[in-house]
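> pasted the sequence and its predicted model underneath.
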Amino acid sequence: MQNLPQTEEKTSTDMFASLSSQEYKYGFSTDIETDSFPKGLSEEVIRKISAIKEEPEFMLEFRLKSYEAFKNMVDPDWAKLNIPAIDYQDIIYYSAPKAKPTKESLDEVDPEILKTYEKLGIPIEEQKRLEGIAVDAIFDSVSVANTHKKALAEIGIIFCSISEAIKEHPELVKKYIGSVVPHTDNFFSALNGAVFSDGTFVYIPPNTKCPLELSTNFRINTKGSGQFERTLIVCDDESYVSYLEGCTAPAFDENQLHAAVVELVAKEKSEIKYSTVQNWYAGDENGIGGIYNFVTKRAKCEGKDSKVSWTQVETGSAITWKYPSCILQGDNSIGEFYSVALTNNMQQADTGTKMIHIGKNTKSTIISKGISAGKSSNSYRGLVKVTPNAKGARNYTQCDSMLIGSTNAANTFPYIEVDGKSAKVEHEASTSKISEEQLFYLQQRGINVEDAIGLIISGFCKDVFKELPGEFAAEANQLMSLQLENSVG
Amino acid sequence: MQLEEKKKKEIEFLEKVFRAGSSTVSSISPIADKQKKAVERISELGFPNRKIEDWKYYDFSPILDNFLSLDTCKITQIEKESLKDFLFPECEKNLLVTVNGHFSEKLSNFSFSKEDISILNFNDAEQLKNYQGVNELVEKYFAEGIEDESNFFKACNTALMSNAFLLKVKEGVQLEETLQILHISNEHCFNQTRSLIHLGKNSKINLIVTYVGLAEIPFVNNAVIETVLEEGSELVLDKIQDDTQKGILLYDLKAKLLKNSRFEYSSLNLKANSSRDKISVDIDEEGAHADINGLYILNGERKAHNVITVNHNVENSTSSQLFKGILSDRARAEFNGAINVARDANGTDAEQMNRHLVLSDEAHVDSRPQLNILADDVKCAHGSTIGDLEEDEIFYLLSRGIKKDDALAMLTLSFCDEVIQKVKVESARQHIKNMALENLDTQMHKANIVHNLR
């Protein structure tokens, strides 16, 4: 743990005074030493974040609007989650890495973490990258490098950090930010709107198929700093992009808040594929520590014949509150949601999706697999809404749960709201456990218990894993076995 | 403005309930105790609103708009002749009739031995004296858990009821005949009907409970049934809702299942402007089985809400739910069904199915099939479908030379049949079919075809 990079918390009053004495409109130049703010949230802090990032006026306005909305909201309490009271004034709302903490070699990395990487089958080069050794990586809230950026730029694809996009492509950001998740949407998205530090921006021009899978690795590593990512992906007419979001975070004792917003806009005949493997620190078996993951992800299938597909593998975080959704506005648009959510020990997850059918002949598919072990609680919560105009809408939902042990909980809360006769909506769900017969069968074929369980679990999740891009699928499989280690007797 | 008016009406409602509640306090102390708790619960809960999950899709305005008087609920003279449409020959000898919540001796008829079955108004000290062991039953099971009651209207019923029926089947008594309980409303009022059904060990009875509206005036019928099934007992309860088009029905059924008991329930919603069925089944001992079914055929502006909770509180019990709805015109339906499996309730096998046939563009369906599972060795599944008739099926019939209208009618009828077949009494089944067809007629405009199919 001592090897983990830690930004010093220079929260002394002197520092704050010297910072706040500077007039914000002159902006903060790069010579500012402090990368972490003092704790707390106020209009001043927001103005400062905006100033440090040299944002145009519209961005500041957006942040302040969000903050106003946030002040008038209360934490949502409808999810089946037991969320400890969060003091929003006890959080550092901005942090950026200064000099990159470099390590000479892998020898300096915590062997426990290396062991985990090994079990996940991550190659050495990748391990180095993940550990910040001589490879460009994205550390904390500020994106540092994008290897393929140039190649992509040649065909007109913009792939950069959102801060950069705000500066270099303000017209695009202004047009789309908040167009899918408005600043008033919910408590956490409003908070994000006010203080988001960085994130990813992708723009695919018309008639372009993005030649490679865009990926960003997020890590949280400043103690006590919240992570407020903002991702915006716009896929123009007849284009295609596949985006991977992978998350690994080292262990911390202190709970960390994460409130990200992801907005996707799909234009006519375009397709966005968004895949996530989330493996943040989940806390120990007593529920100490772990990330609070309150994410708002939403896609708008704006154009005709557009398609958005969400795939997620959620194995980490102490608390997950996440509902990647699709607004199917264009006629014939398609929304898909494939999810595996695994909870162990004291983890809590309340996750699912919303499919809002507005356009004619819109289709949606929901496949959700929940696995709960230990003393965890795992809930699927989903909405399928067919509005009166959505003639010929079609939905198929399948949400299965698997329980391992008898101290956990699995819940299913679907909401199905349908107008009119032309819609066809089907929902099915089941709950089961790993049967002794299945285990016995595999064991008598010479497969040990742990592998047998892995095999059964991967069969259970197959419908989702097959949607993941190649290397992610393998990683996800390993992750599941790792996460369930020792949980089945 | 509208909101303010609504608030005003809600307050008026509560005031009326409190005022009326003070005059309906029972002279029997265990009942009076529960009523006191019910009044406390009413003030704790307040008038329900759509922010409460269970009421999310409910429209309160018919209740608030039509809720005028509590005092006019009285027994009125009714001729048996006017009931003939609602009576079933199989039950002729065993009929219990209430009018606006009051027992009508004149219209009722029993052939059972009084030894085997006791039927009485347990909110009458005189009657209570004549029956042994009833006091204890009432104390134990009447309004059990009222202090934590979540249904505002059940608490209202408890506070406001005057007559309360106990139907007690003696241990070991197995009756093959069916008893019909007919609740009639014909006044513009807020009716409280209350029943407690107790089945002794290894006893068995079939019941048909019918709610009928005789006058085309708005009324609110607030009905509560509590039932306890002792070890090895078996209860078949078919509820037929045959109100007038202006009736508003609030219904609360609670069933407590003890060891190896069996509960078969079917709810047939044929009329009523708006109905809300809250059904809670508690499986409290091993080996019990609950079979909960429902059919609602809605046309015009009618609304039906079904809120069902099946609680598997112990090991090795089974349950199944099947709810089907047909909607046309601007009808609305809500299905809100939950299966709750308690910690350690291993060996539970529970299933739930909800199907809707939507025949018009303006009909609306909200479906919420839920599972809450805390034990691992269980088998639970649910399904929900919403859609029009299957085109392949229509095509199949057409390709066999059947006319399109006939094909549609056949498919629609067979959709209902799965639930109608659960009803035990033949003439009741026929009555339900006729009513169903009548509802379907208006929307399909092909009466003769449908009638030929009968």
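All right, it came through fine.

> low-confidence stretches in the stretch 201-350 of chain A?
A:216-226, A:246-255 (pLDDT under 70).

> taking it, what residue is nearest to chain B?
Residue nearest to chain B within the stretch 201-350 of chain A: A:Asp350 (12.7 Å; CB to the nearest CB). C-beta: built from backbone N, CA, C; applies to glycine.

> just list whatever residues bridge to that residue.
Here A:Asp350 sits in beta bridges with A:Trp321, A:Ser379, going by DSSP bridges.

> so it is in contact with A:Ile83, correct?
No. The pair A:Asp350 / A:Ile83 is not scored as a contact, 9.8 Å apart, by CB atoms under 8 Å.

> between those two, which is the more surrounded one?
A:Asp350 (22 against 16; other CB atoms under 10 Å in any protein chain shown).

> so what's the residue count around the closest residue to chain A within the stretch 101-250 of chain B?
Closest contact between the stretch 101-250 of chain B and chain A, by CB to the nearest CB, is at B:Ser150 (16.3 Å). Counted by other CB under 10 Å, the residues lying close to B:Ser150 total 15.

> check it and give its pLDDT.
pLDDT recorded at B:Ser150 is 91.

> and it, what element?
Assigned by DSSP states H and E, B:Ser150 belongs to neither a helix nor a strand.

> ok, B:Asp392 next?
B:Asp392 belongs to helix B:391-399 when elements are defined using DSSP H and E.

> let me see the mean pLDDT of the longest helix anywhere in chain B.
Longest helix of chain B, by residue count under DSSP state H: helix B:2-23. Here helix B:2-23 scores 84 as its mean pLDDT.

> roughly how far is that helix from the heart of the chain?
Mean C-alpha position of helix B:2-23 versus that of the full chain (CA atoms, centre = their mean, to the nearest Å) differs by 25 Å.

> list the contacts of the following helix or strand past it.
Counting by DSSP H and E, the element after helix B:2-23 in chain order, helix or strand, is helix B:29-45. Applying CB atoms under 8 Å, 6 or more residues apart in numbering or on different chains, the external contacts of helix B:29-45 come out as B:14, B:17-18, B:21, B:24-26, B:122-123, B:135, B:138-139, B:142-143, B:146-147, B:149-150, B:152, B:155-156, B:158-159, B:164.

> which ChimeraX command selects the buried ones in these?
Entered in ChimeraX, the line below selects the buried ones among the contacts of helix B:29-45, by 16 or more other CB atoms under 10 Å in any protein chain shown:
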select /B:14,17,21,24,26,122,123,138,142,143,146,149,152,155,156,158,159,164
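
> which residues of the stretch 51-200 of chain B lie near chain A?
Neighbours of chain A within the stretch 51-200 of chain B, by CB under 8 Å from any CB of the partner chain: none found.

> tell me where the stretch 51-200 of chain B has strands.
B:95-99, B:102-103, B:117-121, B:165-169, B:174-185, B:190-199 (DSSP state E, counting those that start in this stretch).

> helix, strand, or coil at B:Gly401?
coil (DSSP: H, G, I helix; E, B strand; the rest coil).

> so what's it scoring on pLDDT?
You'll see B:Gly401 listed with a pLDDT of 91.

> quick check: the gap between it and B:Ala407.
Remark: distance between B:Gly401 and B:Ala407 (CB to CB, to the nearest Å) = 10 Å.

> neighbour count for those two, which is higher?
B:Ala407 (20 against 6).

> what lies in contact with the strand or helix carrying that one?
For B:Ala407, the element it lies in under DSSP H and E is helix B:404-420. With CB under 8 Å, 6+ apart as the test, helix B:404-420 has contacts from B:266, B:268, B:293-295, B:297, B:322, B:324, B:326, B:355, B:357, B:359, B:389-390, B:393-394, B:397-398, B:402, B:429, B:432-433, B:436-437, B:440, B:444, B:446, B:449-450, B:452-453.

> no further questions, thank you.
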